[in-house]
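Q: just coords:
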């Protein structure tokens, strides 16, 4: 499955250590920013906010990122469940993949109880990603 969404995510001086290498925790921030931009691109933010929470995230570091690199993050929804969905990421720079990531996210109500993925979100994501909106593996 290819990535249909990529966003530039510039590095800041504070993102690197004294050796000029991107701090490991920064990759989660880069993916979070890409996730926000993905949902903004699909016009699925609710009052400027995302209506779901992060349940799990994993990262695989492949190459060190360094200050001065032009960094971008590719993001995609790889699975749509009943109340949750999965996203995959590639953090890229200078023709290299620096890290890959995966996140599980859950739509919630005001009390943070899981709720069904809204039909408009399901449709918009499925259309954008080429997924079957009716096929709902897992929850």
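A: Yep, that arrived. A quick note: this is a predicted structure, and the numbers were derived from the prediction, not measured. Numbering: from 1, shown residues only.
Q: what ranges does the chain have for its helices?
A: 26-41, 119-129 (DSSP state H).
Q: for the first one, which helices and strands make contact with it?
A: Right, the one you point to is helix 26-41. Contacts defined by 3 or more C-beta pairs under 8 Å, 6 or more residues apart in numbering; DSSP states H and E place helix 26-41 against strand 5-8, strand 52-61, strand 71-80, strand 84-93, strand 96-107. Using the backbone N, CA and C atoms, a C-beta is placed for each residue, glycine as well.
Q: residues contacting the nearest residue to residue 21 once chain neighbours are set aside?
A: Leaving aside its chain neighbours, residue 21 sits nearest to residue 64 (4.9 Å; criterion: C-beta to C-beta, 6 or more residues apart in numbering). Applying C-beta atoms under 8 Å, 6 or more residues apart in numbering, we find residue 64 in contact with 21, 22, 98.
Q: neighbours around the second one, how many?
A: Applying the criterion other C-beta atoms under 10 Å, we find 23 residues in the vicinity of residue 22.
Q: equivalent analysis for the first one, please.
A: Residue 21 is surrounded by 14 other residues when neighbours are defined as other C-beta under 10 Å.
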